[in-house]
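Trainee: mind looking at a prediction? Sequence and model below.
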2 protein chains.
Amino acid sequence: MTRHYNFCAGPAALPTPVLERAREELLDYQGRGLSVMEMSHRSPEFVAIAEQAEADLRELLAVPENYKVLFLQGGASLQFSMVPMNLLGKGGTANFLYTGIWGKKAQTEAKQLGFGVHVAGSSEAGGHTEVPAQADLTLSEDAAYLHYTANETIGGLAFDYIPDVDVPLVCDYSSSLLAEPLDVSRFGVIYAGAQKNIGPAGLTLVLVRDDLLDRRCERIPGLFDYRAMAEAGSMVNTPPTYAWYLAGRVFQWLKHDIGGLEAMAAINARKAASLYAAIDASGLYSNPIAVRNRSRMNVPFVLADERLDKPFLAEAEEAGLLNLKGHRSVGGMRASLYNAVPEAAVEALIAFMADFEQRRG
Amino acid sequence: MTRHYNFCAGPAALPTPVLERAREELLDYQGRGLSVMEMSHRSPEFVAIAEQAEADLRELLAVPENYKVLFLQGGASLQFSMVPMNLLGKGGTANFLYTGIWGKKAQTEAKQLGFGVHVAGSSEAGGHTEVPAQADLTLSEDAAYLHYTANETIGGLAFDYIPDVDVPLVCDYSSSLLAEPLDVSRFGVIYAGAQKNIGPAGLTLVLVRDDLLDRRCERIPGLFDYRAMAEAGSMVNTPPTYAWYLAGRVFQWLKHDIGGLEAMAAINARKAASLYAAIDASGLYSNPIAVRNRSRMNVPFVLADERLDKPFLAEAEEAGLLNLKGHRSVGGMRASLYNAVPEAAVEALIAFMADFEQRRG
């Protein structure tokens, strides 16, 4: 068995100890004679798994008691529909910060569903290289909430502050939740697709403050309803049980193998700092993002001569450095440094990049 | 490692060879150095997995070319919302056959979303022990489609015919798809949650005839749109990649280990016939469903003295016969005999039931 270094933007690398544990109990979970995949979601065994996962997540993020934690399906993209349908039932406008492709998609979806939208801040003029400043945010008078994207996975642009506004803050935290400690109490809704730092694709985490559970639209699809999901422990229907179990294993790994989110943040800071330093010191590689808004999770970079892209990718793959190709919409390279990507992977990448530059740059 | 016999109604037993293969390649898929869970859904490796799964499913069910196959999230329950939003955009009423809890839920959801509904046939008067006859179906004049539930998982009531109507037929096939050959061309839409005969929870299969792709409502959530999903190969956003892969492994198992759906149907017929014969011959166990509508997948039965329920379940579990408790809404027992439940499991169950009756009946 070989495990290469995987810089995929998502579905992304999972911690090897989590996968090893999953393999060990895949056919027989703790002597019960069946796989977690084969358990009723209402069985005592699975309910224990589900509750432990929620408790561990609450501990890791210090989630206040007045927040519900939901384990849903559909990815962050389904939240683009669910958030407005849950929060705009009593009127008002959805306000958005536009800092890249994902924030744009969220805005487009709210509009498509017939809701009023307002752009309260944008980084478009500067090519999404710097997030709008707090002082420049201009919410509409009837704002029901402000939505933003903490970390734009494709652009590699991250907020270095939490906006301070008078309306509930809704944040797409897909690519940076659990990468560092977070003050959950600043938010109305936080959501994240699992396939970056949480678990396999097919699971979405939603944290919602309980005073926001009664603003839903009348004709909301039953499975969209945060309140119904909260009351049913995310089991209005069968949840994605195996993904939930694996997320729980990731939470255990964060707690016990890593030592919590402070420790994880320190590791992530070192990984990102090394890679950006290598990029900035080189004559071949570059990254256009303002230093304070550089993502620690997704590091896009381009080569000075794009004819070198193909050989770079081919040689990287041969060296066991996988999935460095940038998103199809922007090209270039992208190294995603999620929690499960070890420091050794980043060191190997930096060494490869230096070697490639010396030979081909 | 122990593998017990698992009669769970869902998430249900998976074929042991499928889980063994999954275990083998869990950390390193075919020497690529990463897990299937860690692959980009747009990588050549995963696209090959996805396409093979679709091709195998099309072969198993002989799906005509004018049908799209979608691999979605949200379970069958999300289809309760998606079907009316995709099919009622040009007006008309959703018609339903009411034969149990799941059919009722589908109807309730369409109504909740503001659509007109009409009950075209019902088995309620007889306590859902016999499906309505073809001659008794009365569709509304403005029917846009007729929805029914091929197999009611909780009641153990199954259609022994495919309704013949002038409007598109929509069928919730969650608990019996792939249990036997099926004439897909009779249907407009077929959908099924995976966690019975297809794969782990978190995946939903939808087969939709392509002339039905342009009836959607204007304000449909982006991820609900069958046409958009069909055009994007079910990848409008990140699909549940690992569940998709496992479904593909189940399709391979059906093709190569079982020998296709004719062979599967013969095995399923034998399993159900043996268990119903044992129930009918006993003085302790009984099943109320009309013989022609007895489900081959879900066999509910009650004990003549319900004080015996607890010891029955406890002793069954001790004997390695798991998850025989009936649904919380109806009580009693239920043995689900999905594809992955081997004939040996049914034989063991029958032997246990006979022994229990002799000792306690």
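Mentor: That came through, no problem.
Trainee: show me where the stretch 1-150 of chain A has its helices.
Mentor: For the stretch 1-150 of chain A, the helices defined by DSSP state H, counting those that start in this stretch occupy A:16-24, A:44-61, A:75-87, A:101-112.
Trainee: so, low pLDDT: which residues of chain A?
Mentor: Under the criterion pLDDT under 70, no range of chain A is flagged.
Trainee: what's the domain layout of it?
Mentor: A:17-258, A:260-360 (automatic domain parsing).
Trainee: of all these, which lies closest to chain B?
Mentor: domain A:17-258 (3.0 Å; Cβ to the nearest Cβ). (Glycine included, C-beta is placed from N, CA and C.)
Trainee: can you give me the end-to-end distance of the closest one?
Mentor: 11 Å (Cα to Cα, to the nearest Å).
Trainee: try stretch A:130-141
Mentor: 26 Å.
Trainee: how about it: buried residues?
Mentor: Neighbour-count burial for stretch A:130-141, counted by 16 or more other Cβ atoms under 10 Å in any protein chain shown, picks out A:Glu130, A:Val131, A:Pro132, A:Leu137, A:Leu139, A:Ser140.
Trainee: cool, stretch A:307-316 as well?
Mentor: Across stretch A:307-316, burial judged by 16+ other Cβ under 10 Å covers A:Leu308, A:Asp309, A:Phe312, A:Leu313, A:Glu315, A:Ala316.
Trainee: where exactly do the strands run in the stretch 51-200 of chain A?
Mentor: Using DSSP state E, counting those that start in this stretch, the strands found in the stretch 51-200 of chain A span residues A:67-72, A:93-98, A:117-122, A:143-149, A:151-152, A:157-158, A:169-172, A:189-193.
Trainee: out of the ones you listed, deepest packed?
Mentor: strand A:151-152 (a mean of 28; mean count of other Cβ atoms under 10 Å in any protein chain shown).
Trainee: does chain B sit close to it?
Mentor: No - against chain B, strand A:151-152 shows no contacts by Cβ under 8 Å from any Cβ of the partner chain, the least distance being 15.6 Å.
Trainee: what helices or strands is that strand leaning on?
Mentor: Counting contacts by 3 or more Cβ pairs under 8 Å, 6 or more residues apart in numbering or on different chains; DSSP states H and E, strand A:151-152 packs against helix A:101-112, strand A:157-158.
Trainee: any idea how far it is from the chain center?
Mentor: Distance of strand A:151-152 from the chain centroid (Cα atoms, centre = their mean, to the nearest Å) equals 8 Å.
Trainee: run me through the strand neighbours of that strand, direction for each.
Mentor: strand A:157-158 (antiparallel) (DSSP bridges).
Trainee: give me the residues contacting the strand it pairs with.
Mentor: For strand A:157-158, the surrounding residues in contact (Cβ atoms under 8 Å, 6 or more residues apart in numbering or on different chains) are A:99-100, A:123, A:128-131, A:150-152, A:176, A:289, A:293-297.
Trainee: of these, buried ones?
Mentor: Buried by 16+ other Cβ under 10 Å: A:99-100, A:123, A:128-131, A:150-152, A:176, A:289, A:293-297, out of the contacts of strand A:157-158.
Trainee: C-alpha coordinates for stretch A:272-280, PDB please?
Mentor: Provided in PDB are the C-alpha atoms of stretch A:272-280 (Å, rounded to 0.1, in the frame of the first residue of the first chain):
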ATOM      1  CA  ALA A 272       1.000  28.000   4.700                       C
ATOM      2  CA  ALA A 273       3.900  30.300   5.800                       C
ATOM      3  CA  SER A 274       6.500  27.900   4.400                       C
ATOM      4  CA  LEU A 275       4.700  27.500   1.000                       C
ATOM      5  CA  TYR A 276       4.000  31.200   0.500                       C
ATOM      6  CA  ALA A 277       7.600  32.000   1.500                       C
ATOM      7  CA  ALA A 278       8.900  29.600  -1.100                       C
ATOM      8  CA  ILE A 279       6.600  31.100  -3.700                       C
ATOM      9  CA  ASP A 280       7.500  34.700  -2.800                       C
END
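Trainee: what residues of it count as buried?
Mentor: A:Ala272, A:Ser274, A:Leu275, A:Tyr276, A:Ala278, A:Ile279.
Trainee: give the contact list for the nearest residue to A:Ser77 once chain neighbours are set aside.
Mentor: Computed as Cβ to Cβ, 6 or more residues apart in numbering or on different chains, the closest residue to A:Ser77 that is not its neighbour in sequence is B:Asn237, at 3.8 Å. For B:Asn237, the contact set (Cβ under 8 Å, 6+ apart) comprises A:Gly74, A:Gly75, A:Ala76, A:Ser77, A:Leu78, B:Leu223.
Trainee: assumed B:Asn237 was part of a strand.
Mentor: No - counting by DSSP: H, G, I helix; E, B strand; the rest coil, one finds B:Asn237 to be coil, located in no strand.
Trainee: I'd like to know how far it sits from A:Asn268.
Mentor: In this view, B:Asn237 and A:Asn268 are 25 Å apart by Cβ to Cβ, to the nearest Å.
Trainee: ok, now A:Arg216?
Mentor: For A:Arg216, the distance to A:Asn268 (Cβ to Cβ) stands at 36 Å.
Trainee: so the longest helix seen in chain A versus helix A:44-61, what angle?
Mentor: Assignment by DSSP state H gives helix A:261-281 as the longest helix of chain A. On the basis of axes from the mean of the first three to the mean of the last three Cα atoms, to 10 degrees, helix A:261-281 is oriented at 60 degrees to helix A:44-61.
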